[in-house]
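S.K.: 3D model of this:
(chains A and B)
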Number of protein chains: 2
Amino acid sequence: MSKRNAFYAQSGGVTAVINATACGVIETARKHKDKIGKVYAGRNGILGALTEELIDTSKESARAIAALKHTPSGAFGSCRYKLKSIEENRAQYERLMEVFRAHDIGYFFYNGGGDSQDTSHKVSQLSRKMGYPIQCIGIPKTVDNDLPVTDNCPGFGSVAKYVAVSIREAAFDVKSMAQTSTKVFVMEVMGRHAGWIAAASGLAGEADGDAPHIILFPEIAFDRERFLSRVKHCVNHYGYCVICVSEGARYSDGKYLADAGSTDAFGHTQLGGVAPVVAHMVKQAHGYKYHWAVADYLQRSARHIASGTDVEQAYAMGKAAVRFALQGKTAILPVIVRTSSKPYRWKIGSTSLKRVANVERMMPRSYITKDGFGITKRCRTYLAPLIRGEAYPPYKNGLPHYVQLKNIQVPKKLDSDFSI
Amino acid sequence: MSKRNAFYAQSGGVTAVINATACGVIETARKHKDKIGKVYAGRNGILGALTEELIDTSKESARAIAALKHTPSGAFGSCRYKLKSIEENRAQYERLMEVFRAHDIGYFFYNGGGDSQDTSHKVSQLSRKMGYPIQCIGIPKTVDNDLPVTDNCPGFGSVAKYVAVSIREAAFDVKSMAQTSTKVFVMEVMGRHAGWIAAASGLAGEADGDAPHIILFPEIAFDRERFLSRVKHCVNHYGYCVICVSEGARYSDGKYLADAGSTDAFGHTQLGGVAPVVAHMVKQAHGYKYHWAVADYLQRSARHIASGTDVEQAYAMGKAAVRFALQGKTAILPVIVRTSSKPYRWKIGSTSLKRVANVERMMPRSYITKDGFGITKRCRTYLAPLIRGEAYPPYKNGLPHYVQLKNIQVPKKLDSDFSI
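M.R.: Got it, this is the predicted structure:
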């Protein structure tokens, strides 16, 4: 096998640990210079390949690359962009081949969730359908934890830890204030379709009566009366009520709770405002003083409180992807295989890109308590190891010292531009 | 001086480090058992004194008390309750004397902000006006950093660190996504009247073009056109725009920005929703895709990312308060006196309760840039040392291991109840 260059790119919503995966890819590739020439990173995901905006990672020091392991977000820029099929948009694939050929790219590593692995899957067809030799390896990433096959997704453990820590802390606060002030606290978390992140909040409570008292999952149809009656019960019994609501919480007719508030107030339908809607509903029904928080990007970028397990796995996925490529594999994705929960043990497996592309994994019903407001012991057993370990970044002047790469672009070799 | 018991209570909004102050008070008092008998904590602040709900802290182990140093919120419960003057409500003061006399309380330590120190100040008048011998020492606490005299307030440094860290992390996220997705991110922070917390977000940016690009202070009247034009400039020049807005941001006529959104949508005026209002304003004017976050209680309870300086000072204030009491002082409050910024040095001073009660300290205009959207070098010099140092709590199973005290109540000695 002659030496060829690699393309690596980050896709979809970024996470606290996607750069740890980048670190795993680049560090491992650097150890195999006999087979992998340079690692070129796509500026803004696959767009960088289409526009020939390739970042030469060989210009970065070993130290800078190592620092990616503790730096959140996508160091090379990400994108929300999905390739059409070869049949629908052949020009795109011809462009990709043109760019790859010009830069002698023989390895394609694409780091993203279900939508992004659809792109990896399509690129992997270049070899078979269009005769361009390329090994295409997907690398899992998503805070939503909704990829199939893999036991969990890199990125999720850290957001899970953030959410569990935050709701525990806020609950301590509310409890102190409840006698004369705030009685109800609502925290909104991500997860439009799957309730994995909301479920993680449940780890904050260990004893009966601990917060969160109510979790609202997208998987369970929202029932206003049952919810309000539970809130009242909590305030009467514990003196306060802490609620974690998924941005995807919805009524039985499929309508998002967030829609009600945001449409009235602002005339738009972008999600991300279900917490005030829920809080206001409680206020109207019971008159309790409330506070609400919307963590939004804070939760997925919170590298300062990343899970040790997550950072380790994110790095390992990057490393495994390169090893698969070196073994001559293509059209696959490394996955995390749990071999034991207590003690937690896992190993690296693999699956085909086809199996993960565009598939969403919901929470099993057995992970949600019968009343629909909490998590079961089984869910706890699944989630607990994923938030373990603290992997603090270094600090400078009281702030995390995150790296900003030089991101030097490889000189373009093609005359033509390509409009997206 | 014969041995007498002490009363300690927490008041107003709680913080990540108010329990570190409690730890300082109790540990120091325990070292002087010849003069201070037991430390009784008020359940829910001054209310505990009025209702004779006193918590016997001597029932807690040394280990539990030490753990208060790393536990956020108010371990004994706080309150939002202000005593009237002796002239207005003599019955309240008679009740306080009755409770204090029944439990031989000779020391009164009240841990809170400006409103709370008004209560301390009034209690300190018991000696002079009503002949009950008590030494009354206030202890500063407030995330708002708006107490006069003291260089800074315990509680502020940690929220400042949380806000600076969070906005740095979220900005990394937005920057990665900006090409094809979110271009504008708005984070709302506390500080209804003073912009100290919003100002702290400015520490996240160190180089030109770094986020946050715009800070909206309560001290600077909001000008819609100037703001929108600045947002556009940032997106054009940096590709994205990160905004930190204080919940107290308002128009030149004094109307809160938050009012617009929350009144329309929910018919109430509780603040805490200015981020969506600002984000929507940007969307309407420029069409940029946005995200917004409201940190709310998360910011003030985030003990996991507390400032080392803050924890140290919070503990020191508690210790100093007891020392002042042992020296026979009354009607005073320990304060932080900065003796040098570079290197940062501080010492403990004191001031009279009268001077701090009900006084709010705003940001000096010289701390805000001329254009009103950022912080000056002078402000940075002031803020920087306050967020320094990481004082991580211990973890168990991936979560901060916070203490929950037994909070055993002292048997009541009075027959009478007292209605608040």
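S.K.: only C-alpha atoms for contact and neighbour calcs from this point on.
M.R.: OK.
S.K.: Give me the residues contacting stretch A:391-408.
M.R.: For stretch A:391-408, the surrounding residues in contact (CA atoms under 8 Å, 6 or more residues apart in numbering or on different chains) are A:55-57, A:59-60, A:64, A:67-68, A:70-72, A:75-76, A:303-308, A:311, B:161, B:164-165, B:204, B:307, B:384-385, B:387-390.
S.K.: contacting residues for A:Ile86?
M.R.: A:Gln92, A:Tyr93, A:Lys122.
S.K.: Need those residues in a markdown table (columns: secondary structure, neighbour count and pLDDT).
M.R.: A markdown table is the format used below for these (DSSP: H, G, I helix; E, B strand; the rest coil; neighbours: other CA atoms under 10 Å in any protein chain shown; pLDDT from 0 to 100):
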| residue | secondary structure | neighbour count | pLDDT |
| --- | --- | --- | --- |
| A:Gln92 | helix | 18 | 92 |
| A:Tyr93 | helix | 21 | 92 |
| A:Lys122 | helix | 22 | 92 |
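S.K.: ok so, going back, would you show me how to pick out the buried ones of the contacts of stretch A:391-408 in ChimeraX?
M.R.: Typed into ChimeraX, the line below selects the buried ones among these, using 16 or more other CA atoms under 10 Å in any protein chain shown:
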select /A:55,56,57,64,67,68,70,71,72,75,76,303,304,305,306,307,308,311 /B:161,164,165,204,307,384,385,387,388,389,390
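S.K.: Check the contacts of A:Ile86 against B:Ala320 and report the nearest one.
M.R.: A:Lys122 (67.7 Å; CA to CA).
S.K.: What's the local residue count around the nearest residue in space to the closest one that is not next to it in sequence?
M.R.: With sequence-adjacent residues excluded and distances taken as CA to CA, 6 or more residues apart in numbering or on different chains, A:Lys122 is closest to A:Ser85, at 6.7 Å. Neighbours of A:Ser85 under the rule other CA atoms under 10 Å in any protein chain shown: 16.
S.K.: sorry, back to before: in strands, which of the contacts of stretch A:391-408 appear?
M.R.: A:Ile55, A:Asp56 (DSSP state E).
S.K.: Near chain B, which residues of the stretch 51-200 of chain A? Just list them.
M.R.: A:72-81, A:161, A:164-167, A:169-170, A:172-173, A:175-177, A:179-181 (CA under 8 Å from any CA of the partner chain).
S.K.: Pretty sure A:Ala198 sits against A:Ser246.
M.R.: Yes - in this structure, A:Ala198 is within contact of A:Ser246 by CA atoms under 8 Å, at 5.5 Å.
S.K.: So in chain A, which helix runs the longest?
M.R.: Among the segments of chain A that qualify as a helix by DSSP state H, the longest is helix A:156-177.
S.K.: hey, C-alpha coordinates of that one in PDB?
M.R.: Once non-C-alpha atoms are left out, helix A:156-177 reads as follows in PDB (Å, rounded to 0.1, in the frame of the first residue of the first chain):
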ATOM      1  CA  PHE A 156     -23.100  12.200  25.400                       C
ATOM      2  CA  GLY A 157     -21.300  11.300  28.700                       C
ATOM      3  CA  SER A 158     -20.100  14.800  29.100                       C
ATOM      4  CA  VAL A 159     -23.400  16.500  28.500                       C
ATOM      5  CA  ALA A 160     -25.000  13.900  30.800                       C
ATOM      6  CA  LYS A 161     -22.500  14.800  33.500                       C
ATOM      7  CA  TYR A 162     -23.100  18.500  33.000                       C
ATOM      8  CA  VAL A 163     -26.800  18.100  33.300                       C
ATOM      9  CA  ALA A 164     -26.700  15.800  36.400                       C
ATOM     10  CA  VAL A 165     -24.200  18.100  38.200                       C
ATOM     11  CA  SER A 166     -26.100  21.300  37.300                       C
ATOM     12  CA  ILE A 167     -29.500  20.000  38.400                       C
ATOM     13  CA  ARG A 168     -28.000  18.700  41.700                       C
ATOM     14  CA  GLU A 169     -26.500  22.100  42.300                       C
ATOM     15  CA  ALA A 170     -29.600  24.100  41.400                       C
ATOM     16  CA  ALA A 171     -31.700  21.800  43.500                       C
ATOM     17  CA  PHE A 172     -29.600  22.500  46.500                       C
ATOM     18  CA  ASP A 173     -30.200  26.200  45.800                       C
ATOM     19  CA  VAL A 174     -34.000  25.900  45.400                       C
ATOM     20  CA  LYS A 175     -34.200  23.800  48.600                       C
ATOM     21  CA  SER A 176     -32.600  26.600  50.600                       C
ATOM     22  CA  MET A 177     -34.900  29.200  49.200                       C
END
